[in-house]
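I'd like to go over a predicted model; first the sequence, then the structure.
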Amino acid sequence: MKRMQWLLREPLLHFLILGGLIFSVYFAFYEPAVLATNVITIGPERIEQLSKSFAAVWQHPPSSKELEGILENEIREEVYYREAIALGLDTNDAIVRRRLRQKMEFLADSSAGLLEPAAGELEAYLVTHKAKFQSTPRVSFRQIFLGTDPSTESIERLLRDLRAGAPGDEPRSPGTRSLLPTEMDLSSPRTIDAVFGEGFYAKLAMLPNERWTGPVESTYGAHVVRLGEFVARRTPPLAEIRETLLLDWKATKAREIRELHYATLRERYAVEIRPPDTGPAESR
């Protein structure tokens, strides 16, 4: 009894049942009728669909002459399609196989769009995947480039001078000339590392705020740095990112359903792989 209750609460079981229902409905209503190979029927629904597709592209409904051309193209396509099937041109065609696989996967994925998370499920999903939704940390700073091999005495002397001045004062020592910016507004780790070299942001993140500190090594040499504003990484509240989170949750469920559906189909097949001239076949 307990095992049955556990199964009834298992989300993947619900997904499999839902996916099965979608496939059943699809094949019940959309299985093509068997027609004589020399009869091509274009019904009013297909004509309306073709007309809407034309209007969506050209921003006006097709004229009688344009509709005649659309229908002739549809007939041409159907004739070539039937003749290609009759010749077996779809067999072992990588493009056709790939397209049919995509359609099967689309059918499996579409069931996820009907799902809605249970109470507390989005909150739990956010906790599990919080790294994906966290904001990017940013920091602003000023820096003085000291070259590749400054002496300890010159660094200490410069730091004393800088710390003795008021916070807004310009440094009395310009340092070594370079093309590096002396000041950066709030910037992300990627932006800072792109300018000063890989790992420079990580070193800045360890420095105290509002105090000249150094030396800090970059790809180019040594710097003394004064951090300004620091915006830490944060996980936004659920209400702030609910729509984005829901879309990501549904995408994850779609992948789960797809894999579960494939596993169910895969069980129907025994696979033999026969490498050339290597002995007996390998079964999977």
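Cool, the structure landed.

next structured bit after the helix or strand harbouring Val225?
Element membership of Val225, judged by DSSP states H and E, is strand 222-231. Downstream of strand 222-231, the next assigned helix or strand under DSSP H and E is helix 238-266.

got the buried residues for that following helix?
Leu245, Asp248, Trp249, Lys250, Lys253, Ala254, Ile257, Arg258, Leu260, His261 (16 or more other CB atoms under 10 Å). All C-beta atoms are positioned from the backbone trio N, CA, C, and that covers glycine.

export those residues to a markdown table and tack on pLDDT and distance to Asp193?
Formatted as a markdown table, the buried residues of helix 238-266 follow (pLDDT from 0 to 100; distance: CB to CB, whole Å):
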| residue | pLDDT | distance to Asp193 |
| --- | --- | --- |
| Leu245 | 89 | 29 |
| Asp248 | 89 | 27 |
| Trp249 | 91 | 32 |
| Lys250 | 88 | 34 |
| Lys253 | 88 | 35 |
| Ala254 | 87 | 35 |
| Ile257 | 87 | 39 |
| Arg258 | 87 | 37 |
| Leu260 | 89 | 41 |
| His261 | 87 | 42 |
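
quick one on the thing from earlier: so what secondary structure elements neighbour the strand holding Val225?
strand 138-147, helix 152-164, strand 212-217 (3 or more CB pairs under 8 Å, 6 or more residues apart in numbering; DSSP states H and E).

any chance of TSV for the ones you listed, columns distance to Arg97?
Supplementary listing: these in TSV, determined by distance: least, CB to CB, whole Å:
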stretch	distance to Arg97
strand 138-147	48
helix 152-164	66
strand 212-217	55
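
between those, which gets nearest to Glu48?
The minimum distance between Glu48 and those falls on strand 138-147, with 52.9 Å, by CB to CB.

what inclination does that closest one have with respect to strand 222-231?
Orientation of strand 138-147 against strand 222-231 (axes from the mean of the first three to the mean of the last three CA atoms, to 10 degrees) gives an angle of 170 degrees.

low-confidence bits of the protein, can you list those?
Along the chain, segments meeting pLDDT under 70 span 1-37, 166-174, 278-284.

what ranges does the protein have for its helices?
In the chain, the segments counted as helices under DSSP state H are 2-9, 11-30, 44-58, 64-86, 94-110, 121-128, 130-133, 152-164, 189-196, 200-204, 238-266.

off-centre distance for the last one?
Right, helix 238-266. Put simply, helix 238-266 sits 12 Å off its chain's centre (CA atoms, centre = their mean, to the nearest Å).

and if you look at the shortest one?
Chain-centre distance of helix 130-133: 13 Å, with CA atoms, centre = their mean.

ok, and the closest non-adjacent residue to Asn209?
Leu227 (4.9 Å; CB to CB, 6 or more residues apart in numbering).

looking at strand pairing, list the partners for that neighbour.
Beta bridges link Leu227 to Phe141, Asn209, judged by DSSP bridges.

distance check, it against Thr176.
21 Å (CB to CB, to the nearest Å).

rewinding a little: return the member of the buried residues of helix 238-266 nearest to Gln134.
Nearest to Gln134 among the buried residues of helix 238-266: Leu245, at 12.4 Å, using CB to CB.

do I have it right that the closest one meets Pro236?
No - using CB atoms under 8 Å, Leu245 is not in contact with Pro236, being 9.4 Å away.

give me the common contacts of the two.
Applying CB atoms under 8 Å, 6 or more residues apart in numbering, one finds that Leu245 and Pro236 are jointly contacted by Phe133.

how many other residues sit next to the closest residue to Gly221 other than its chain neighbours?
Leaving aside its sequence neighbours, Gly221 sits nearest to Thr148 (CB to CB, 6+ apart; 4.1 Å). As a burial measure, Thr148 scores 10 neighbours (other CB atoms under 10 Å).
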